[in-house]
Structures are given as C-alpha cells and as structure tokens.
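> Provide a 3D model corresponding to the input given below.
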Amino acid sequence: MLRNLKPENFPASDIDILDLIKPEDRVAMVGYFGPLIPKILKITDKLTVLEKREIESPQTRTLSSEKAREILPASDVIILSASTLANRTFDELLSLRGTAREIVLLGPSAPLYPEPFFKRGITAVMGTRILDPVTMLTIVSEAGGTKKLHKYCGEKVAFRNRS
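Sure thing, here's the model as predicted:
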C-alpha cells in the first residue's frame with residue numbers, strides 16, 4: 001500500500017545541519033559544501049571533506065573520495081551530498097557509516113520524501129523546495145548555486161527522523 005504522499009504527512013523540521021554537530025565530533029563531508037565549511041570549523045576542527053574533484057585552496061583537510069573506507073567508519077557525523085544519489089555512490093557510502101550518530105543527506109537536490117532514507121539509517125534529509133520553477137530554470141541554466149536558489153525561488157526544507 002502506498003503512503004499518502006501529501007507534504008503535510010512529512011512535517012518539516014526547523015533543524016539546521018549545524019545543530020547536529022558537537023565540538024568533540026569527527027565530521028566527514030562527502031562533497032564540498034564550501035559555504036558550510038567555515039561554519040562547521042567554528043564548532044569542531046575535526047572536519048574531513050571527501051571530494052572527487054580537486055579543490056583549489058581548500059579551507060580544511062580535503063581527501064579523495066576513495067578514502068571513504070578509512071574516514072567514514074570513524075566519523076560521528078556524516079554529511080552526504082544528495083549528488084551521491086545521482087552518481088550512484090550513495091549505497092556504498094552509507095554502508096561505511098560505522099557507528100555515526102548523525103547521517104545527513106544534504107543539498108538542493110535531496111528528495112523531499114524522507115521516509116525511505118530514514119528506513120536506511122539517514123537521520124536527517126535537508127534539501128530545497130522550489131517555489132518558482134521558471135526562475136529556478138533560469139538560475140540553473142546560468143550556473144547559479146544554492147544561495148541563489150534560496151534567495152530567488154526556493155526555501156530550505158529539513159526532515160528529522162523522529163524514531
């Protein structure tokens with residue numbers, strides 16, 4: 001039986017990714033969320049970014065995504081880019097979660113239907129609800145980023161696993 005997919009059946013949370021991180025946490029970020037990095041570093045200096053592409057002047061320790069087998073099992077908080085769904089690395093990365101307290105699926109392309117992710121161990125899904133699709137298409141076609149999406153045509157949406 002399919003669940004009713006109306007948005008009101010999935011109450012949004014006002015939680016922010018930074019609310020989930022403690023000073024003693026070892027944080028692993030899969031995907032380079034540049035604007036988020038200095039904010040995390042104000043909470044903990046134990047941040048490692050795993051990224052497929054080379055980052056010029058990274059603000060923190062940045063390793064090749066091939067190091068996931070070493071980094072993820074030892075992490076307290078894992079931030080997975082929603083792009084891991086598109087590039088088909090999500091399942092493998094999730095299998096490396098070890099005993100992480102928080103596993104967050106993050107990014108504007110994160111699906112806003114959180115239940116299947118919660119069943120797999122994700123503790124929060126944080127994405128973007130598009131309010132103006134025409135403006136969104138313009139921003140994306142001009143290589144605009146998440147900040148522009150939130151400013152002109154969308155809003156942050158977070159779902160927290162309550163179980």
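
> I'd assumed residue 93 was in contact with residue 68.
Yes: here residue 68 lies in contact with residue 93, judged by CB atoms under 8 Å, at a distance of 5.9 Å. From N, CA and C alone the C-beta is placed, and that goes for glycine too.

> Common neighbours of those two, please.
Each of residue 30 lies in contact with both residue 68 and residue 93 under the rule CB atoms under 8 Å, 6 or more residues apart in numbering.

> and the longest helix belonging to the chain, what does it pack onto?
Counting by DSSP state H, the longest helix found in the chain is helix 133-141. Counting contacts by 3 or more CB pairs under 8 Å, 6 or more residues apart in numbering; DSSP states H and E, helix 133-141 is packed against helix 146-152.

> Pull the distance from the helix it packs on to the chain's centre.
In terms of CA atoms, centre = their mean, to the nearest Å, the centre of helix 146-152 is found 16 Å from the chain centre.

> same thing with stretch 136-154?
Distance, centroid of stretch 136-154 to centroid of chain: 18 Å (CA atoms, centre = their mean).

> burial count for residue 101?
13 (other CB atoms under 10 Å).

> scratch that, residue 79 is what I was asking about
Number of residues near residue 79 (other CB under 10 Å) recorded here: 27.

> give me the element the residue nearest to it when sequence neighbours are not counted is part of.
Nearest in space to residue 79, with sequence neighbours left out and distances taken as CB to CB, 6 or more residues apart in numbering, is residue 29 at 4.5 Å. In this assignment (DSSP states H and E), residue 29 forms part of strand 27-30.

> Pull out the buried positions in the next helix or strand after that strand.
Once strand 27-30 ends, the next helix or strand along the chain (criterion: DSSP H and E) is helix 37-41. For helix 37-41, a neighbour-count test (16 or more other CB atoms under 10 Å) marks 37, 40 as buried.

> Model confidence for the residue positioned nearest the centre of the chain, exactly?
In the chain, the C-alpha nearest the mean C-alpha coordinate belongs to residue 106, at 1.8 Å (CA atoms, centre = their mean). With respect to pLDDT, residue 106 scores 96.

> next one: stretch 19-35 to chain centre, how far?
Distance of stretch 19-35 from the chain centroid (CA atoms, centre = their mean) equals 10 Å.

> quick one: average pLDDT of that stretch?
Here the average pLDDT along stretch 19-35 is 95.
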